[in-house]
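Novice: quick one, structure for this:
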Amino acid sequence: MTASPSAHHPAGADPTPDPPAKTPEPTRSARAHSFNAAAAQYAANRPSYPPALFDAIEDLTGRPLAGARVADIGAGTGIATALLHARGADVVAVEPGDGMAAQFRRCLPAIPVVRGTGDDLPLSDASVDLVTYAQAWHWTDPARAVPEALRVLRPGGALALWWNTDALDVPWIAEAAVRMSRHFGIDVSAEKRNVDYGTADPSGRLDFTRRTVRWSRRVPVDTHLANIGSHSVFLVGGADRTASFLAEEREHLLRAFPGGVVEEVYEVVLLLAGTPA
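Specialist: Coordinates of the predicted model:
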């Protein structure tokens with residue numbers, strides 16, 4: 001119940017308004033778990049990965065994916081898992097979230113998915129040739145995830161981490177990033193800056209090689225909006241706040257793309273570290 005002004009000011013004078021309560025920042029755990037309620041949206045609208053990414057993995061590891069035993073960690077709805085499987089890899093997926101794992105099983109019923117996290121892998125020692133994290137390493141604790149990856153890798157195996165990052169040299173993408181930063185109070189450009197050796201493995205145990213693959217896709221405006229709306233900052237940002245941003249963003253996009261088809265441009269940043277044979 002809201003108190004009247006006179007409840008706090010006996011003379012009935014207009015009170016000095018209390019400062020608005022600051023909305024607490026969503027926790028890292030809340031952001032990580034936010035995808036489970038949006039798993040179908042994620043699966044339908046998130047971008048895939050280009051063949052050149054998997055060519056780069058094969059080049060850096062010196063072996064084909066065909067026949068390799070691969071653990072795809074934080075597999076989500078299986079976007080990367082499906083591509084690894086299509087290259088001939090024998091893949092097992094590891095996914096912690098209920099909603100994401102259920103969507104994975106609907107999309108890829110023939111590929112095994114087990115519940116777990118990169119910080120405590122439900123896999124045997126020296127059981128896989130390649131450990132992959134597609135858009136997922138930042139949800140781990142590297143102090144735990146690095147030793148776990150090394151534990152399950154066979155001699156001569158490799159850890160591959162990659163992220164689709166926005167190509168901020170494209171004017172409309174840079175402008176959209178500025179709008180998002182203003183609306184949500186985040187630094188979109190920090191995503192790419194933070195994809196480096198030091199943040200991936202602060203201990204320095206791994207010797208990463210970095211490759212960048214540029215690619216693009218053309219999608220309807222609605223798909224683009226559903227894609228960005230499936231990111232954790234939107235999923236935890238409050239329905240009204242997210243809806244207002246997406247409505248304004250639609251207007252900007254239709255001015256930039258009057259035909260209603262958006263060309264999303266990405267740079268996949270790949271970090272790959274091998275283990276001694």
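
Novice: any low-confidence regions in the protein?
Specialist: Applying pLDDT under 70 to the chain flags the ranges 1-38, 188-194, 233, 235-238.

Novice: show me where it has helices.
Specialist: Ranges of helices within the chain are 5-8, 28-33, 39-45, 51-61, 79-86, 98-107, 142-152, 171-184, 190-193, 197-200, 221-229, 232-235, 239-256, based on DSSP state H.

Novice: and the longest one, what's buried?
Specialist: In this case it means helix 239-256. Buried residues in helix 239-256, counted by 16 or more other C-beta atoms under 10 Å: 242, 245, 249, 253. Any C-beta I mention is one placed from the backbone N, CA and C, and that applies to glycine too.

Novice: so which of the residues you listed is the closest to residue 141?
Specialist: Among those, residue 242 lies closest to residue 141 (C-beta to C-beta), at 28.2 Å.

Novice: how near is the closest one to residue 197?
Specialist: Residue 242 sits 34 Å away from residue 197, going by C-beta to C-beta, to the nearest Å.

Novice: one more: residue 161?
Specialist: Residue 161 is 10 Å from residue 197, by C-beta to C-beta.

Novice: so for the two, which sits in the more crowded spot?
Specialist: A count of neighbours by other C-beta atoms under 10 Å puts residue 161 above the other of residue 161 and residue 197, at 26 against 15.

Novice: hang on, the earlier thing: quick one: the helices of the chain as TSV, columns for distance to residue 71 too.
Specialist: Output for the helices of the chain, formatted as TSV (distance: least, C-beta to C-beta, whole Å):
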stretch	distance to residue 71
helix 5-8	60
helix 28-33	19
helix 39-45	20
helix 51-61	14
helix 79-86	10
helix 98-107	14
helix 142-152	6
helix 171-184	33
helix 190-193	25
helix 197-200	17
helix 221-229	26
helix 232-235	23
helix 239-256	33
